[in-house]
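**Student:** make a model of this:
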Amino acid sequence: MANFTAADIKALREQTAAGMMDVKRALEEAEGDMAKAAEILRIKGLKGVTKREGRSASNGLVAAQAGNGVGTLVEVNCETDFVAKGERFIALADQILAQAVALEATDADTVIGSTLADGRTVQALLEEGNAATGEKLVVRRVARVTGEHVVAYLHRTSKDLPPQIGVLVATTGGDESVAHDVAMHVAAFSPTVLSREDVPADTVDNERRIAEATAREEGKPEAALPRIIEGRVNGYFKENVLLEQAFAKDQKKSVAQVLKEAGAEATGFARFRVGN
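**Tutor:** Have a look, this model is predicted:
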């Protein structure tokens, strides 16, 4: 005869996020002892963590915090959008963001290897989340940006999901409104670097080689090759360099022009898109 009630099952499910049948079996094994049943569920759940290590975690969310000249951005991944939009996963991501902010972290490994105020490591927190959700959970990336003004912008690609794109932008001069506009632009146009000086030399050389090979394949005149090559390399810069991109709100102006008109200068940015 069962020595637990439907209310016990409901309470334990809420505590552990385990399935109903798993909870019932754990309570039966524990003879109705709630604490022992929770421990049984945790042990069984953690046994499954190693089985999930090779699975892909390409869903999840981005979370950010900015203010007083500092911004922190984190990407936390799971396997399905069902878990990504769950309160438990969102709360876990908020804990990880708070830890990254407290540590002034600039990379995921620093956060994962750290210890929370309650004595648990972040790695243990992730493993507990793995056990509760049945999915592989990962802190994939962390970024920290500093400057005179730092703003954060989070974008939902689906109204049913938490933010999938997160951006931090740092500026000097002007005000935070132009930084916010630039952050929205970064979310939409995904630049890879701030200025052309930030593009690695080997990348520029490779783009120049491709431009030359393409022009020759097209049969362009030899005399015109230098101009064509430089034009195509500049095209690469306009596509990938934030300051040289056409501004989202006014395609006739570059981002650099918009900032200059606002008396501002961009000094750094970070952009995460879940899974990319």
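**Student:** rest of the way, CA atoms for contacts and neighbours
**Tutor:** Fine.
**Student:** any low-confidence regions in this structure?
**Tutor:** Scanning the chain for pLDDT under 70 picks out 1-2, 15-19, 42-56.
**Student:** so which strand or helix has the residue most central in space within it?
**Tutor:** Computing the C-alpha centroid of the chain and ranking residues by CA atoms, centre = their mean puts residue 75 first, at 2.7 Å. According to DSSP states H and E, residue 75 maps onto strand 70-78.
**Student:** for the stretch 1-150 of the chain, just list every one of the strands.
**Tutor:** Per DSSP state E, counting those that start in this stretch, the stretch 1-150 of the chain has strands spanning 59-67, 70-78, 138-146, 149-155. These are given in chain order.
**Student:** distance of the nearest residue to the residue nearest to the centre of the chain once chain neighbours are set aside relative to residue 106?
**Tutor:** Leaving out its chain neighbours, the residue that sits closest to residue 75 by CA to CA, 6 or more residues apart in numbering is residue 62, at 4.5 Å. Applying CA to CA, to the nearest Å, one obtains 15 Å for the distance of residue 62 from residue 106.
**Student:** of those two, give the one with the bigger neighbour count.
**Tutor:** Of the pair residue 62 and residue 106, residue 62 is the one with more neighbours under other CA atoms under 10 Å, namely 29 against 18.
**Student:** the more buried one is in contact with residue 78, isn't it?
**Tutor:** No: Residue 62 sits out of contact with residue 78 when judged by CA atoms under 8 Å, with a separation of 11.6 Å.
**Student:** returning to what we had before: helices or strands up against the strand holding residue 75?
**Tutor:** The helices and strands touching strand 70-78, judged by 3 or more CA pairs under 8 Å, 6 or more residues apart in numbering; DSSP states H and E, are strand 59-67, helix 87-103, strand 138-146, strand 149-155, strand 165-173, strand 264-273.
**Student:** could you report the neighbour count for residue 35?
**Tutor:** 11.
**Student:** so what's it up against?
**Tutor:** With contacts taken as CA atoms under 8 Å, 6 or more residues apart in numbering, residue 35 has no neighbouring residues.
**Student:** roughly how far apart are the closest residue to residue 63 other than its chain neighbours and residue 61?
**Tutor:** Sequence neighbours aside, residue 74 is the residue nearest to residue 63 in space, at 5.5 Å (criterion: CA to CA, 6+ apart). To residue 61, residue 74 is 8 Å away according to CA to CA.
**Student:** kindly report the same for residue 150.
**Tutor:** Here residue 150 is placed at a distance of 21 Å from residue 61 (CA to CA).
**Student:** same check on residue 73?
**Tutor:** Separation of residue 73 from residue 61 (CA to CA) stands at 11 Å.
**Student:** can you give me the buried ones in stretch 193-200?
**Tutor:** In terms of neighbour count (16 or more other CA atoms under 10 Å), stretch 193-200 has its buried residues at 193-196.
**Student:** check the offset of that stretch from the chain's centre.
**Tutor:** In terms of CA atoms, centre = their mean, to the nearest Å, the centre of stretch 193-200 is set 22 Å apart from its chain centre.
**Student:** identify the residues contacting it?
**Tutor:** 237, 240-244, 266-269.
**Student:** now the residues you listed in JSON lines, with neighbour count and distance to residue 160?
**Tutor:** Formatted as JSON lines, the entries for the contacts of stretch 193-200 read as follows, by neighbours: other CA atoms under 10 Å; distance: CA to CA, whole Å:
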{"residue": "237", "neighbour count": "21", "distance to residue 160": "35"}
{"residue": "240", "neighbour count": "20", "distance to residue 160": "30"}
{"residue": "241", "neighbour count": "22", "distance to residue 160": "32"}
{"residue": "242", "neighbour count": "27", "distance to residue 160": "30"}
{"residue": "243", "neighbour count": "23", "distance to residue 160": "33"}
{"residue": "244", "neighbour count": "22", "distance to residue 160": "34"}
{"residue": "266", "neighbour count": "25", "distance to residue 160": "33"}
{"residue": "267", "neighbour count": "17", "distance to residue 160": "34"}
{"residue": "268", "neighbour count": "19", "distance to residue 160": "31"}
{"residue": "269", "neighbour count": "27", "distance to residue 160": "27"}
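**Student:** out of the residues you listed, which comes closest to residue 154?
**Tutor:** Using CA to CA, residue 269 comes nearest to residue 154 of the contacts of stretch 193-200, at 13.5 Å.
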